[in-house]
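Asks: here's a sequence, model it:
(chains A and B)
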Protein chains: 2
Amino acid sequence: MAAVTRVCVAGAGTIGSLLAGYLARVADVSVLTRREAHARALNEQGLRVSGRGDFTVRVRASQDPAELDAELVIVACKGNDLEPLARRLAGSFAGATVMTVLNGLGAEDVVGAHGDWPLLSSVTFMSGTRHSDTHVEYILDTATWIGPYRDTTPADAQRVVDLIVDAGLQAEAFDDLRPAQWSKLIFNATVNSVAALTGLPHDPHFAGEPLGPLVHALVDEGKATAAAAGVELWEDPWEMNVLATQRGHAHRPSMLEDVEAKRPTEIDLITGALVREAARTNVPVPLQSALYALVKGKEASYS
Amino acid sequence: MAAVTRVCVAGAGTIGSLLAGYLARVADVSVLTRREAHARALNEQGLRVSGRGDFTVRVRASQDPAELDAELVIVACKGNDLEPLARRLAGSFAGATVMTVLNGLGAEDVVGAHGDWPLLSSVTFMSGTRHSDTHVEYILDTATWIGPYRDTTPADAQRVVDLIVDAGLQAEAFDDLRPAQWSKLIFNATVNSVAALTGLPHDPHFAGEPLGPLVHALVDEGKATAAAAGVELWEDPWEMNVLATQRGHAHRPSMLEDVEAKRPTEIDLITGALVREAARTNVPVPLQSALYALVKGKEASYS
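Replies: Numbering: from 1, shown residues only, chains lettered A, B, ... in the order given. Modelled structure (predicted):
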């Protein structure tokens, strides 16, 4: 990968906006939006970051990928928006490296099917609240983990990590991201669905009564699936859960926000990916399957 | 049991109000209320039944059990209100037979601990909506099942059934209610908690996609528990589920209404009873236990 001076962030939801806002302090940042009004607002007003940050940056935004160029394209969107976004990237950004930042598994392959860009894989633990097209609040100052995926090296991952750290965010490079990606997948599949079904933020109920034993059993199913897939986990998702509930501020998982707003959730990309991988490797996951069905039922209740 | 000419309904929620309203057409009915204003309203305005019925009856109501007398006392309340209500009955209604109409298991023993009345057991499938202290709407015209429990005979159960049928409702007598009670327990434990967690009324999603396989597996855990307790089920709860979802009108289970109103649910009396019985007989019920924990989590989210 060439030196990175120009970054295009494709998808400007919460995570995309946070990355665009911070990276614009150290690089030339453009934003690929879905809506024209969004691009116009960003071009006219810039992008404001509040919360843990407090600044406004200039970014170049467009609905049209042909108008944008970059050495690094960061694909940051919700799972249900990935396929149409990847389709729009096809034929553009020749020579760029593309990095996906999505929950679940398999985003790299969805993007990789639409072009022969070198690919980096990443997961992020950052969280924030998107107040408008041009204003995002940074809430949880936690790391983004990056590793090589296709035609890239650990040094490429490190180069992007250095850029993100220069910008004031946390990041870490991995030779192989899968152990970290699976740790987060198991954590996410469990915490997001339990939060979405109970209405609880990720608080101490998840580590003690009444939910601790269930969360532990859900994590155990995930660990058995990872083991069957030959993945040695980077962090124990149960310990990640316990630690996260000991922070003062109880995080509201995105799937909880989705069901409260009656939006489609990422259940197919997160718990669905785990359940499908378990079926492939013949690992019984009755509890993860139950939560998958219940969240699908919750989505069915919207109409 | 003596001939029944006077009935006292203790607890005037939806089911209690429906029974009081209909029985007042063929017997002298009194109502034991928790609130004084409720008793006053009933004494002044009578009790109106709408929906499948359309009439208003006179009833005598009081907060004070000493002011009321009856050959039959029907205890109809939510599970969480049972212990305090049973305590209020202690020392009153000498010579009366007491019949409980509650979800779950164990209501008879809670009442029986407070007096040596002969006891009848019952479960009901009726449903309605309580619009005010003096107005209840009758919605599902389905049966109440009655059987002997302590110092009563099948003939006693039949006498109460005859009275209820005379009044215009459906009822059926059983020599042993446990097979029917357990069928309803398993049905209720499953359908109520799935509805409360997904927000769905009891509609075809429970028999097909996405919830059918989960509902089936939950019912199987209940069947295994019944078998270990030596109970041969009266009806297959899975078939009860399929049939119920084929009615035109999708029923809203009471636990769904409870969580939407952020009220305590009957989870401890229903799913909790099943899970405790499974623990006693060493039957693994991981899915019922998971739903129990999730509904407890939902209750914890109210505050």
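Asks: any residues of chain A in contact with chain B? List them.
Replies: Applying C-beta under 8 Å from any C-beta of the partner chain, we find that chain A lies next to chain B at A:194, A:197-200, A:205, A:209-211, A:213-214, A:217, A:286-287, A:289-291, A:293-294, A:296-298, A:300-301. From N, CA and C alone the C-beta is placed, and that goes for glycine too.
Asks: looking at those, which are in helices?
Replies: Of those, the ones assigned to helices by DSSP state H are A:194, A:197-198, A:213-214, A:217, A:286-287, A:289-291, A:293-294, A:296-298, A:300.
Asks: which of the residues you listed count as buried?
Replies: For these, a burial check counting by 16 or more other C-beta atoms under 10 Å in any protein chain shown picks out A:194, A:197-198, A:214, A:217, A:287, A:289-291, A:293-294, A:296-298, A:300.
Asks: which two among those residues are spaced furthest apart?
Replies: Farthest pair in those (C-beta to C-beta) is A:A217 and A:A300. Separation: 25.3 Å.
Asks: A:A70 against A:R6, yeah?
Replies: Yes. Counting by C-beta atoms under 8 Å, A:A70 does reach A:R6; the two are 4.4 Å apart.
Asks: overlap in contacts, the two.
Replies: Here A:A70 and A:R6 have A:S30 as joint contacts, going by C-beta atoms under 8 Å, 6 or more residues apart in numbering or on different chains.
Asks: so which of the two has more stuff around it?
Replies: Counted by other C-beta atoms under 10 Å in any protein chain shown, A:A70 and A:R6 do not tie: A:A70 has more neighbours, with 24 against 18.
Asks: nearest residue to that one in space, please, no chain neighbours.
Replies: A:C8 (3.8 Å; C-beta to C-beta, 6 or more residues apart in numbering or on different chains).
Asks: and that neighbour, how many neighbours does it have?
Replies: A:C8: 28 neighbours (other C-beta under 10 Å).
Asks: now swap in A:G199 and tell me
Replies: Using other C-beta under 10 Å: A:G199 sits among 18 other residues.
Asks: flag the shaky bits of the stretch 151-300 of chain A, pLDDT-wise.
Replies: Counting by pLDDT under 70, not a single residue of the stretch 151-300 of chain A qualifies.
Asks: quick one: contacts for the residue of the stretch 1-150 of chain A found nearest chain B?
Replies: Nearest residue of the stretch 1-150 of chain A to chain B (C-beta to the nearest C-beta) works out as A:N80 at 16.4 Å. By C-beta under 8 Å, 6+ apart, the residues touching A:N80 are A:264, A:266, A:268-269.
Asks: among these, which pair sits farthest apart?
Replies: That would be A:P264 and A:L269, which, of these, are the farthest apart (C-beta to C-beta) at 10.7 Å.
Asks: which of those two has more residues huddled nearby?
Replies: A:L269 (22 against 14).
Asks: right, and that one touches A:N103 too?
Replies: Yes. Between A:L269 and A:N103 there is a contact under C-beta under 8 Å: 6.0 Å.
Asks: overlap in contacts, the two.
Replies: Residues touching both A:L269 and A:N103 (C-beta under 8 Å, 6+ apart) are A:G79.
Asks: quick one, strands of chain A?
Replies: Secondary structure of chain A (DSSP state E): strands at A:6-10, A:28-32, A:47-51, A:55-57, A:60-62, A:72-75, A:97-101, A:119-124, A:127-132, A:135-140, A:144-150, A:171-173.
Asks: per-domain residue ranges of chain A.
Replies: A:6-173, A:178-302 (automatic domain parsing).
Asks: centre-most residue in chain A?
Replies: Nearest to the geometric centre of chain A sits A:L102, at 3.2 Å (C-alpha atoms, centre = their mean).
Asks: hmm, that residue is touching A:E83, no?
Replies: No. Taking contacts as C-beta under 8 Å, A:L102 lies outside contact range of A:E83: 11.5 Å.
Asks: could you give the backbone dihedrals for the residue of chain A most remote from its centre?
Replies: Most distant residue from the mean C-alpha position of chain A: A:E209, 28.9 Å away (C-alpha atoms, centre = their mean). Here the main-chain torsion angles of A:E209 (degrees, to the nearest 10) amount to phi -90, psi 150.
Asks: excluding its backbone neighbours, what's nearest it?
Replies: Per C-beta to C-beta, 6+ apart, closest to A:E209 is B:K296, 7.8 Å.
Asks: likewise for A:D81?
Replies: In space, and not counting its chain neighbours, A:D81 is closest to A:G11: 6.8 Å by C-beta to C-beta, 6+ apart.
Asks: what's that neighbour sitting at in phi/psi?
Replies: Given degrees, to the nearest 10, the pair of backbone angles that A:G11 has is phi 100, psi 110.
Asks: what's the distance between the residue farthest from the centre of chain A and A:V101?
Replies: To A:V101, A:E209 is 35 Å away according to C-beta to C-beta, to the nearest Å.
Asks: count of neighbours near A:S121?
Replies: Neighbour tally, A:S121, other C-beta under 10 Å: 25.
Asks: go on, the one 4 residues further on?
Replies: Counted with other C-beta under 10 Å, the neighbours of A:F125 add up to 17.
Asks: with A:V275 instead?
Replies: Counted with other C-beta under 10 Å, residues neighbouring A:V275 total 22.
Asks: over to the one 10 residues further on?
Replies: Burial of A:V285, expressed as a neighbour count using other C-beta under 10 Å, amounts to 22.
Asks: was I right about it contacting A:A228?
Replies: No. A:V285 is beyond contact range of A:A228, at 10.4 Å (criterion: C-beta under 8 Å).
Asks: any common contacting residues for the two?
Replies: Common neighbours of A:V285 and A:A228 (C-beta under 8 Å, 6+ apart) are A:A278.
Asks: returning to what we had before: the residue nearest to the centre of chain A: what's it in contact with?
Replies: Counting by C-beta under 8 Å, 6+ apart, A:L102 has contacts A:75-79, A:82, A:123, A:269.
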